[in-house]
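J.: Need a 3D model of the sequence below.
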Amino acid sequence: MKIGRVHLDRVAVVYVRQSTLAQVREHTESTARQYALAEQAVALGWDRRDVRVIDADLGVSGRSTEGREGFREVVSRVCLGEVGAIFGLEISRLARSSADLSRLLELARLTDTLLIDDDGVYDLADFNDRLLLGLKGTMSEAELHLLAGRLQGAKRAAAARGELRTPLPVGYVYDGDPDDRSGPVIDPDEEVAAAIADVFTAFTATGSAYRVVAAFAGRRFPLRAYGGAWAGQLRWGRLTHARVLGVLTNPCYAGAYAFGRHATRRAVTPDGSIHSAIIRVPMDQWQVLIRDHHPGYIGWETYLANQAKLAANRTHDGARPAREGHALCQGIIGCGSCGRPMSTRYHRDGSGAYECHARKDQQATATCRSVSARVIDELVGERLLAGLTPEEVALAVAAAAEVTARRAGAARAAELAVERARYDADRAERAFSAAEPENRLVVRTLEARWETRLAALAEAEAALAAVRNAAAPLPAQADLQALVADLPRLWHAETTSARDRKRLLRTLIADVTVLPEPDRAKIRIGIRWHTGATDEVTANRPLPPGPAARSPSPAVELIRELGPTTGNEELVTRLNAAGLRTGRGRRFDIDAVQWIRHVHKIPTPGPFAPGEISVAAAADRLGISANAVYHWIQTGHLPARRAAGNRLGLTWTPAVEAACRARIASSGHLTPKAQPVTAGEAV
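T.: Next up is the predicted model:
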C-alpha cells in the first residue's frame, strides 16, 4: 500500500477544474464527479476535516498557470509539505502544459506527496510512477494540441470561404437561419443604421475620434451585447472614444470579411509568471481578407483613408496632428539648437509662446529660445501664402508630374520583376511536382530551389508594394489653381478656425525649426516643405512691454523733435509713412504716440494758434468773471473758435481788448475786479 501514515497525517487536496465557463454550465456531471473525489479521500483513510477542495480554477484553461489561483495554491501547499495527496479525475485536470506538470511532480517527489486519479495511486519517489505520469502529461499536452489544431483548421477553412460566422458588430445582423451561409446585412433598425452612418459622417467632417464623441454628446448609441444574460440583445448607451475607434477600425463596416485581425501573445514577466495579451495584427498579416463580401456603410477606399487619418492622429507614434489652440505651428516646430521639439504655452491674456523642452529639463543650450507664437505664425503664414502663387503652383505641378512619371517607370520595372519572379517560382514548382518522390536526392534539391524562388517572389512583391505606396496621387491642376485663387481670402476669413488653418498648413509644410541665432534681437527660422524644399526667414524678435522707456529708437527721436509743435494725428501719419513701427512691431496709432510722450516727458503743442488766448486768460486780463466772457461769445460780441481738446480760443488784439473794456465801462452790471498793486504803486 502506497498510502502511509505520513500521508494520512497531512491534508488531502481535491483539485477541481473545468476549462471554460461553458463546460461548467453545461458539463455538470464532470464537475460533480470531481467534487465526489472528497468522499474517495475519506474512503482511503483521510479524516473529513483534513480534506480540502480547491475549486478556484473553474472555467480557467490549464494551458498555462496564468490566472490559475487554485493551481498556485496547490503548488504552495505542496512546497510547504502540507499535502499528503492530490486528487483529480485525470492528470490533464492538473495542467495541460508539460512544464507546469513537471514542476509540480518534482515538488511532489521532494515533499513525498502522492497523486491519485481514477487509474491509481502514484508515488513520485518511484521511478516507474514518475515515468508513467510524465508520459500521461505529454499525451495530455499532445491531445490539446491535436484538438486545437483540428478546431482551428476547420475555422480557417470556413473563414477562407467567408462562411465562418463570428459575432457581428452593432449595425449588422445575419439574415436567415443559422444553417444559411449568406453574409451579414445592414441592421433593419433604421435608428441603429443611422447612428453608425453618422459616426463615419462626423469623422469625415472632423478627422478626429474625440470630436466624433463630442458630436454625439447627449445622443444615445447602440451596443450589441455578447455573452451573459444580455447576449445578442441590443443595448443603448453613450458613445465613447474606444467605441468610436472600434467602429472606425472594423473592416466589416467597409463590406469586407476579415479573419485573423487579432492574435494572442504570451510573455514571461520578471517574476517568472506568464501573461497573455491580445494584440492587433497588421493588415498585411491578416489570414483572410475578402472585400465586397457584404453591404457596407462605407467603401474600401474610405476605410483606408480613415485608417490613415487615425494613424496621423496617434501622437504616441510620433504623429503631430492639428489640435486645439490658436498657435499654428503647434506640434511641428522644433529647436534647432538642441534638436528637441518645442512645446506650446498659453498665457492668461490668450497669447502663446513656443518653448524648448530642454529648458524644462535644465539642459538648454546657449541659443535655446522661447519665442512668441504670433511672430512665428505670421512669418510662416506669410511664406505659405507667398509661395502659393499660380507660377509656383505651375512649377510644382510640372515637377510633380515629372516625379510621377519616374515613379511610374519604377513601378513598371517592379511589375516586370514580379512577373519574372512568379514565372521562375511556377517553373520550380512544376519541376518539383514532376520529380519522383522516391528520388530524395533530386527532390531535396528541387525543393530548396523552389523555396529560393518563392523567397525571391515575396521580395519582388514587397518591392512593388513599396513603390506603389510611395506617394499619393496628385490633385488636378485646375483644382490647385482654384485653391490658390481663394487661399488668401480663405486664410484670413473670420470663419476659418485655427484648426482649419493648421490642417491647411500641414498639407504643405512638414516642419518648422527655430535656428540658432546669437543676436537675441533677431529670430531665424527654417521651413521644410513636403516637397523637400527648404526656406530660411529672419525677422526681429518682439520687444517686451514698455520698450519706449528702455530703448530709444528713430521713432522716439522723431516724436521728441516734432512733438512740441505737432499734433498726435499728424505724428501718427508721419511715423507710418516713414515705415517706423512700435516696440511690438505694430503700426503707430494715437495711443502709442501718447504713451511715448508720457514716458519721455515730451510736451504736446498748445491748443491755441498764435494771437489766441483762452477764456480764462481773457477774463483775468479784463478783471471780470469767465461767465461774462462766455456770455459775450454766445451773443456774438466776442469771436471764438473750437481748438484742440474742445477748448474755446479767442483772437486777442489791442482793438478787441479796447472794445471789451469799453463794454465793461458802459455796463452797469459789470464791475472790474480790484487789481493787486505793489508797494511802489501805493506810494
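J.: okay, CA-based contacts and neighbour counts for the rest of this
T.: OK.
J.: From the contact counts, what lies against the helix or strand that contains Glu143?
T.: For Glu143, the enclosing helix or strand under DSSP states H and E is helix 127-160. Using 3 or more CA pairs under 8 Å, 6 or more residues apart in numbering; DSSP states H and E as the contact test, the elements touching helix 127-160 are helix 98-110, strand 120-123.
J.: Which residues belonging to the helix or strand that that helix is followed by are considered buried?
T.: Downstream of helix 127-160, the first helix or strand assigned by DSSP H and E is strand 172-174. For strand 172-174, burial by neighbour count (16 or more other CA atoms under 10 Å) applies to 172, 174.
J.: give me the low-pLDDT residue ranges for the stretch 551-683 of the chain?
T.: The model of the stretch 551-683 of the chain has pLDDT under 70 over residues 551-552, 584, 607-609, 643-646, 668-683.
J.: coming back round to it: which one of the helices and strands packed on helix 127-160 lies closest to Arg156?
T.: helix 98-110 (27.1 Å; CA to CA).
J.: As CSV, could you dump the C-alpha coordinates of the closest one?
T.: Taking Å, rounded to 0.1, in the frame of the first residue of the first chain, the C-alpha atoms of helix 98-110 are listed here in CSV:
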residue,chain,number,x,y,z
SER,A,98,4.3,19.6,-19.6
ALA,A,99,6.5,22.3,-18.0
ASP,A,100,3.9,23.1,-15.3
LEU,A,101,3.2,19.5,-14.7
SER,A,102,6.8,18.6,-14.4
ARG,A,103,7.4,21.3,-11.9
LEU,A,104,4.5,20.0,-9.7
LEU,A,105,5.7,16.4,-10.0
GLU,A,106,9.2,17.4,-8.9
LEU,A,107,7.9,19.3,-5.9
ALA,A,108,5.7,16.3,-5.0
ARG,A,109,8.7,14.0,-5.2
LEU,A,110,10.7,16.2,-2.9
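J.: isn't Arg541 right up against Lys522?
T.: Yes - Arg541 lies in contact with Lys522 (CA atoms under 8 Å); the separation is 5.1 Å.
J.: So which of these two has more stuff around it?
T.: Using other CA atoms under 10 Å as the criterion, Arg541 and Lys522 rank with Arg541 on top: 19 against 12.
J.: Can you tell me how far that one is from Asp519?
T.: 10 Å (CA to CA, to the nearest Å).
J.: for Val121, same thing?
T.: 89 Å.
J.: Same question for Asp187.
T.: Asp187 is 67 Å from Asp519, by CA to CA.
J.: ok, how many other residues are close to the nearest residue to Gly352 once chain neighbours are set aside?
T.: Leaving aside its sequence neighbours, Gly352 sits nearest to Tyr346 (CA to CA, 6 or more residues apart in numbering; 4.2 Å). Residues lying near Tyr346 (other CA under 10 Å) number 14.
J.: Would you quantify the distance from Tyr346 to Arg374?
T.: With CA to CA as the criterion, Tyr346 and Arg374 are 11 Å apart.
J.: joint contacts of the two?
T.: By CA atoms under 8 Å, 6 or more residues apart in numbering, Tyr346 and Arg374 have these common neighbours: 352-353.
J.: name the element Gly532 belongs to?
T.: Gly532 belongs to no helix or strand, assigned by DSSP H and E.
J.: list the contacts for it?
T.: Gly532 neighbours (CA under 8 Å, 6+ apart): none.
J.: For it, give me the pLDDT.
T.: Predicted confidence (pLDDT) for Gly532: 77.
J.: Same question for Pro545.
T.: 54.
J.: buried ones in stretch 297-307?
T.: 297-300, 303, 306-307.
J.: For stretch 162-171, measure first residue to last.
T.: Across stretch 162-171, first to last residue, CA to CA, it's 19 Å.
J.: actually stretch 204-214, not the one I typed
T.: 14 Å.
J.: what do you get for stretch 212-226?
T.: 25 Å.
J.: Next, the residues that contact that stretch from outside, please.
T.: By CA under 8 Å, 6+ apart, stretch 212-226 touches 167, 169-170, 192, 195, 199, 202-203, 206, 231-241, 244.
J.: Pull out the buried residues from those.
T.: Buried among the contacts of stretch 212-226 by 16+ other CA under 10 Å: 169-170, 192, 195, 199, 202-203, 239-240, 244.
J.: Need the three-state assignment for Ala85.
T.: With DSSP: H, G, I helix; E, B strand; the rest coil as the basis, Ala85 sits in strand.
J.: picking that back up, Leu441: which of the buried ones among the contacts of stretch 212-226 is nearest?
T.: Nearest member of the buried ones among the contacts of stretch 212-226 to Leu441, counting by CA to CA, is Pro169, at 53.4 Å.
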